[in-house]
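Student: Quick one, fold the following:
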Amino acid sequence: MIFKPVKLGLESLPEQDLEQDRKQCRKFGPCGVGEKALYLNSFYIDRRYYIPIASVTRVFKRVAMSKGGFSGKGMFASIPYLVVEYEDGKEKQCNFKYEENVDRMLACIGREHPEIRLVSKAAEERLKKKEQERAAKRLPVLPEEAKEELGRLQNAREFLEEKPELGIALSQAARRKRAYENSSPSYKWVALAISILGVCSLVYGIYSLIHHVGFAIYFTLFGMAAIFLFSSASMLPTSKNNKRFILNQEKRALEEMEQYLAAYREKAFPLPARYSHPVVLKRMCEIIAEGRAEDAGAALEAVKEDLRALNSGVEVDQEEYEEVVAVKAMFLNADYR
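Tutor: Residues are numbered from 1 along each chain as shown. Predicted structure coming up:
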């Protein structure tokens, strides 16, 4: 290995096993999931560290918000992290650029290493409390038709959870399309101007370095160049940030979901492919259990009404925020049809 990963904690893998496992690990952004270890990034280098699977106790997503971010009201942009707990409460936090890569990695860990818990201790307590609140809302006795429908929806949810990457891809494509269509074209021109300033700063910094103009100015100009370039990169039109690519990505995600649903073992799948996400089915199950609907059609309409009611003035907790972020763009893009 050119860059041998550094172990975190007390346990280690034999060098030969480590080399083979790292080579074959599934990559998710800057991190990876192997058969024998998790591979985690440093600030600059992907998969720089490793932790043997036997040492890992929890892996979960942490969402940090920039200024003006999540305040308990509405939905705002977030900064995603993957947190790995190992040995006696030690933590390693890994920064990710795209939240869907965190979701994909967690789905992979849940499938390949089910013994690892995928929520923090605090989240476990919140979920336990929320489940008690939901249980209090459920009807003590459901009508027979509603009970059968609830079982059908639960089976459908389990079917989707067998391939969670399809739901993640559908959600990601819908959010990217929604963000692209609702961003002002003027932002792209501003991003282009910022990038040009960054390039000019970088060129002048190199010129100053060669001609020994000064010392502090190098760091200033290179820092400005980095800030300008990185702050504008996500807004610039690129091969993966243009209307054609984004629409094709959504089309491909929808086609893959439709192909998967065609193999559904029971009767027709209870959701159209464009809304086929485990979170939607979870909310439909809760609606039927609470007696707000008795069949899948009515439950889906109730989900739509709930999502319509959630806007920037509505207070939500973190778990509901994550659920809504995952699915609302799919309904908005389809105009709730």
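Student: tell me which residues in stretch 85-98 are buried?
Tutor: Residues 85, 86, 92, 94, 96 are the ones in stretch 85-98 that count as buried (16 or more other Cβ atoms under 10 Å). Glycine gets a C-beta too; all of them are placed from N, C-alpha and C.
Student: Now render those as CSV, adding pLDDT, distance to residue 282 and secondary structure.
Tutor: Supplementary listing: these in CSV, determined by pLDDT from 0 to 100; distance: Cβ to Cβ, whole Å; DSSP: H, G, I helix; E, B strand; the rest coil:
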residue, pLDDT, distance to residue 282, secondary structure
85, 96, 26, strand
86, 95, 30, strand
92, 95, 30, strand
94, 94, 27, strand
96, 91, 24, coil
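Student: Same list (those) but as CSV, adding distance to residue 122.
Tutor: What follows is the buried residues of stretch 85-98, written out as CSV (distance: Cβ to Cβ, whole Å):
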residue, distance to residue 122
85, 12
86, 18
92, 18
94, 19
96, 20
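Student: Those residues: which two are farthest apart?
Tutor: The two members of the buried residues of stretch 85-98 with the most space between them (Cβ to Cβ) are 86 and 96, at 18.5 Å.
Student: residue boundaries of the helices in the stretch 51-200 of the chain?
Tutor: 99-112, 121-137, 144-161, 164-181, 185-210 (DSSP state H, counting those that start in this stretch).
Student: which stretch among these comes nearest residue 245?
Tutor: Distances from residue 245 to each of the helices of the stretch 51-200 of the chain were compared using Cβ to Cβ; the shortest belongs to helix 164-181, at 9.2 Å.
Student: Run through the neighbouring helices and strands of that closest one.
Tutor: Helices and strands touching helix 164-181, as assessed by 3 or more Cβ pairs under 8 Å, 6 or more residues apart in numbering; DSSP states H and E, comprise helix 99-112, helix 243-261, helix 278-289, helix 318-333.
Student: how far is stretch 304-313 from where the chain is centred?
Tutor: Between the centre of stretch 304-313 and the centre of its host chain there is 21 Å, according to Cα atoms, centre = their mean, to the nearest Å.
Student: cool, and stretch 149-165?
Tutor: 20 Å.
Student: Equivalent analysis for stretch 253-266, please.
Tutor: Relative to its chain's centre, stretch 253-266 lies at 22 Å (Cα atoms, centre = their mean).
Student: Give me the most central residue, this protein.
Tutor: Using Cα atoms, centre = their mean, the residue of the chain that lies closest to the mean C-alpha position is residue 100, 3.1 Å off.
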